[in-house]
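Undergrad: mind folding the following:
(2 chains)
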Protein chains: 2
Amino acid sequence: MTPAVPASEEDIIQQYLAPLAAGYAGAFGLRDDCATITPPPNTDLVIKTDPVRAGVHFFADDAPEDIAWKALAVNMSDLAAKGATPLAYVLALSFPSIPETPWLARFAQGLAAAQSAFGCHLIGGDTDRAAGPLSIAVTAFGVVETGKMVRRGTASAADYVYVSGTLGGSALGLKLRRGDADTADWPINSDARSTLLTRYLRPQPRLALAQALRAHATAAMDISDGLCKDFDRLCRASGVGGRLDLSRLPLSVGAREIVAAAPHLNDLIWGGGDDYEILCTVPQSQAEAFESGARAVTVPVTRIGLITAGRHVTFHKADGAAMPINTLGWDHF
Amino acid sequence: MTPAVPASEEDIIQQYLAPLAAGYAGAFGLRDDCATITPPPNTDLVIKTDPVRAGVHFFADDAPEDIAWKALAVNMSDLAAKGATPLAYVLALSFPSIPETPWLARFAQGLAAAQSAFGCHLIGGDTDRAAGPLSIAVTAFGVVETGKMVRRGTASAADYVYVSGTLGGSALGLKLRRGDADTADWPINSDARSTLLTRYLRPQPRLALAQALRAHATAAMDISDGLCKDFDRLCRASGVGGRLDLSRLPLSVGAREIVAAAPHLNDLIWGGGDDYEILCTVPQSQAEAFESGARAVTVPVTRIGLITAGRHVTFHKADGAAMPINTLGWDHF
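TA: Prediction:
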């Protein structure tokens, strides 16, 4: 039996997507050409667009719920790093072939779970068919008090550098998802494997940290292309230098055992992508208050380095030796 | 000699795209993770996302300036129909291979011309490489006085139906662009051919009409999937019926001669896509004021039909006979 497919673009929108817009008046039930947002007084709208595509950001045969979650989560992670509170998103879907209705139903369930977890609503979008991989382009909207967006380029010399959560889990989870041969030898149990895999499939944006970032961070960004590369970007944007102590990095569950057995995988801790943790800088005088604010929302944060004057960015191993960074991190080209 | 390519994603952004963001403070020079919009007091932000892809919405070997223009224009056309004033846009680019620098330079020139013509600024985006066609996803932002967006679903019985400009030009221009064999027989001169082709390559959003729409229209939408299909949508969304007099349709230059010689091409007048004209409904009592408002901004408008009670939507030829609509218009699936 051939699985059912939707009758038309309109059918996809009204049956699967419109329920996700029901909670937001400016979505007009996805029956208009545009959506409206009326930002609360004295706020800025914070805007991010980060599309995901099969074969690049996820696998075409990942669970539809996971694909949906990830498409939204990677955008929310940016809002979190900017100290913004999620509000809404638009969604442009491009399918290589007409999706089957069970896939669409599960995809919509994943979006529903994600928008409920993140506190936002679908308000508009577009659906079409085109050659190429499944593409899901989210543009996300958050709000922040006027002028209070936490910038990337505003770190100062002598600030401490913090990272939320743990690193490397997603890059290791990707190896599990691909079934790389060497993963069979990893000295970790099935629970730890499952945790790493979930880390790759279902990134958790650190929205709970937004308030502490607004209150205490001088600069922040989310880590999507690898810690070292993104730290380098933050320092360049700020016109400062910095050093990270790689021995201080908080490792994801199982990662310590894995890199002990296969030291070359250390590259995935500091250079792997898809962490979706927050990298931020905090004046030393506010370090205690920041850590306390993070504890209050149960988001672990770890101090991993220092911003310095000048433009030099360095990465140090436990013995203090500097590591070269030229091969670290992900470039989309 | 191999043409030069940019060194990195960062290079594309800073060299070709950042200049387009220079006029908008909330773009942060495209050096931050997110952009901000601070809407003026008492306004709603009006939001539209309508991606375009090579092979679907344009040809991969179209002039880069034209591709850029079209990507922005199709989104601005929606803002115009909603009575909104353009403000800003974000841009997600996906390249099948690293674009050559001359192509990028021309693409950026096309964006610069378009945003200057439409009155908006690039404020953010994303660039990556993925298998599949070149994809350009614009999300556009406009402003309108709070609650004043012109809706699609608010037409009333007895309203007149208007269309801006002329119809069919883009669909005929597409045939020229493809070099369809029958176009050689069209009884029009090279100037008219060039005008039709330009109509397809460089749609002109009717932004000048926004004020008259806000003041007088009960409902409006832009025509992108063919007049009859889009009129049917407007009526359904409004819970009304309507009739269009096909003999009243304003035809693009050369179209009258072409369909006189090849009557089957009439389908392209009322069912072809990419018109990017505005379809709107106006109370009879305001018809004169609306026409006067349109004249004041030199946008031609033509009364082509009437909204009726009930749910019946009909299309009438010159002799009054109703035409079936089941085969008219474009569905993305």
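Undergrad: near chain B at all, stretch A:309-324?
TA: No - contact of stretch A:309-324 with chain B (C-beta under 8 Å from any C-beta of the partner chain) is absent, the minimum separation being 15.1 Å. C-beta: built from backbone N, CA, C; applies to glycine.
Undergrad: read off the pLDDT value for the residue in the stretch 1-150 of chain A positioned nearest to chain B.
TA: Taking C-beta to the nearest C-beta as the measure, the point where the stretch 1-150 of chain A comes nearest chain B is residue A:132, at 1.8 Å. On pLDDT, residue A:132 comes in at 87.
Undergrad: residue contacts, it?
TA: Residue A:132 makes contact with A:53, A:94, A:96, B:53, B:96, B:130, B:131, B:132, B:133, B:135 under the criterion C-beta atoms under 8 Å, 6 or more residues apart in numbering or on different chains.
Undergrad: run the last query once more with 7 Å
TA: Residues near residue A:132 by C-beta atoms under 7 Å, 6 or more residues apart in numbering or on different chains: A:96, B:131, B:132, B:133.
Undergrad: ok, and the closest non-adjacent residue to it?
TA: Using C-beta to C-beta, 6 or more residues apart in numbering or on different chains and skipping the chain neighbours, the partner closest in space to residue A:132 is residue B:132 (1.8 Å).
Undergrad: again with residue A:173
TA: Nearest one to residue A:173, counting by C-beta to C-beta, 6+ apart, is residue A:200 at 3.1 Å.
Undergrad: so which helix or strand takes in the one you found?
TA: If you go by DSSP states H and E, residue A:200 is part of helix A:190-201.
Undergrad: so what's the residue count around residue A:252?
TA: Neighbour count of residue A:252, defined by other C-beta atoms under 10 Å in any protein chain shown: 23.
Undergrad: what's the answer for residue A:174, then?
TA: Neighbour number of residue A:174 under other C-beta under 10 Å is 20.
Undergrad: do you know the pLDDT at it?
TA: Listed pLDDT for residue A:174 reads 97.
Undergrad: swap in the one 5 residues further on?
TA: The pLDDT attached to residue A:179 in the predicted structure is 96.
Undergrad: for residue A:333, same thing?
TA: At residue A:333, pLDDT is 49.
Undergrad: quick revisit: report the contact partners of the residue nearest to residue A:173.
TA: A:170, A:173, A:174, A:177, A:274.
Undergrad: one more: residue A:93?
TA: Taking C-beta under 7 Å, 6+ apart, one finds A:125, A:127, A:136 in contact with residue A:93.
Undergrad: what about chain B: which of these touch it?
TA: Among the contacts of residue A:93, the ones lying near chain B by C-beta under 7 Å from any C-beta of the partner chain are A:125, A:127.
Undergrad: in TSV: the contacts of residue A:93, plus neighbour count and pLDDT.
TA: As requested, the contacts of residue A:93 are exported to TSV (neighbours: other C-beta atoms under 10 Å in any protein chain shown; pLDDT from 0 to 100):
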residue	neighbour count	pLDDT
A:125	26	92
A:127	21	93
A:136	24	96
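Undergrad: of the contacts of residue A:93, just say which sits nearest to residue B:121.
TA: residue A:125 (22.7 Å; C-beta to C-beta).
Undergrad: how about the closest one: what's its closest non-neighbour residue?
TA: Using C-beta to C-beta, 6+ apart, the nearest residue to residue A:125 is residue A:91, at 3.8 Å.
Undergrad: following the strand or helix carrying the one you found, which helix or strand comes up?
TA: Element membership for residue A:91 (DSSP H and E) is strand A:85-95. Using DSSP H and E, the helix or strand that follows strand A:85-95 towards the C-terminus is helix A:101-118.
Undergrad: does that following helix come close to chain B?
TA: No - contact of helix A:101-118 with chain B (C-beta under 7 Å from any C-beta) is absent, the minimum separation being 12.0 Å.
Undergrad: in that helix, what's buried?
TA: A:101, A:103-104, A:106-111, A:114-115, A:117-118 (16 or more other C-beta atoms under 10 Å in any protein chain shown).
Undergrad: distance between stretch A:21-36 and the chain's centre?
TA: 26 Å (C-alpha atoms, centre = their mean, to the nearest Å).
Undergrad: what mean pLDDT does it have?
TA: For stretch A:21-36, mean pLDDT is 96.
Undergrad: same question for stretch A:184-194.
TA: Stretch A:184-194 shows an average pLDDT of 96 in the prediction.
Undergrad: quick one: buried residues of that stretch?
TA: A:186, A:188, A:192, A:193.
Undergrad: dump those into TSV; add distance to chain B as well.
TA: Output for the buried residues of stretch A:184-194, formatted as TSV (distance: C-beta to the nearest C-beta, whole Å):
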residue	distance to chain B
A:186	30
A:188	32
A:192	31
A:193	28
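Undergrad: nearest to residue A:292, of these?
TA: Among the buried residues of stretch A:184-194, and counting by C-beta to C-beta, the member closest to residue A:292 is residue A:192, at 30.2 Å.
Undergrad: ok, now how distant is the closest residue to that closest one other than its chain neighbours from residue A:69?
TA: Leaving aside its sequence neighbours, residue A:192 sits nearest to residue A:254 (C-beta to C-beta, 6+ apart; 3.6 Å). The gap separating residue A:254 from residue A:69 is 22 Å, by C-beta to C-beta, to the nearest Å.
Undergrad: I'd like the next helix or strand past the helix or strand hosting residue A:48.
TA: Here residue A:48 sits within strand A:43-49, counting by DSSP H and E. From strand A:43-49 onward toward the C-terminus, using DSSP H and E, the following helix or strand is strand A:52-53.
Undergrad: now do that next one: which elements does it pack against?
TA: The contact analysis (3 or more C-beta pairs under 7 Å, 6 or more residues apart in numbering or on different chains; DSSP states H and E) places strand A:52-53 against helix A:64-81.
Undergrad: quick one: contacts for the closest residue to residue A:203 other than its chain neighbours?
TA: Nearest non-adjacent residue to residue A:203, counting by C-beta to C-beta, 6+ apart: residue A:276, 4.0 Å away. Taking C-beta under 7 Å, 6+ apart, we find residue A:276 in contact with A:73, A:74, A:77, A:203, A:205, A:222, A:223, A:224.
Undergrad: ok, the last one - contacts?
TA: Listed by C-beta under 7 Å, 6+ apart, the contact set of residue A:224 reads A:74, A:273, A:274, A:276.
Undergrad: repeat that for the third one.
TA: Neighbour list for residue A:77: A:203, A:205, A:206, A:222, A:276 [criterion: C-beta under 7 Å, 6+ apart].
Undergrad: among the contacts of residue A:132, the buried ones, what's the ChimeraX command?
TA: Buried residues among the contacts of residue A:132 (16+ other C-beta under 10 Å), as a ChimeraX selection:
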select /B:132,133
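Undergrad: and which of the contacts of residue A:132 is nearest to residue A:83?
TA: Among the contacts of residue A:132, and counting by C-beta to C-beta, the member closest to residue A:83 is residue B:132, at 34.9 Å.
Undergrad: element containing that closest one, please.
TA: Applying DSSP H and E, one finds residue B:132 in no helix or strand.
Undergrad: same question, the one 4 residues further on
TA: Assigned by DSSP H and E, residue B:136 falls within strand B:135-145.
Undergrad: just the buried residues of that strand, please?
TA: Buried, per 16+ other C-beta under 10 Å, within strand B:135-145: B:135, B:136, B:137, B:138, B:139, B:140, B:141, B:142, B:143, B:144.
Undergrad: about what we covered before: surely the residue nearest to residue A:125 touches residue A:138?
TA: Yes - Residue A:91 lies in contact with residue A:138 (C-beta atoms under 7 Å); the separation is 5.7 Å.
Undergrad: how many residues are close by the residue nearest to residue A:215 when sequence neighbours are not counted?
TA: Leaving aside its chain neighbours, residue A:215 sits nearest to residue A:293 (6.2 Å; criterion: C-beta to C-beta, 6+ apart). Residues contacting residue A:293 under the criterion other C-beta under 10 Å number 20.
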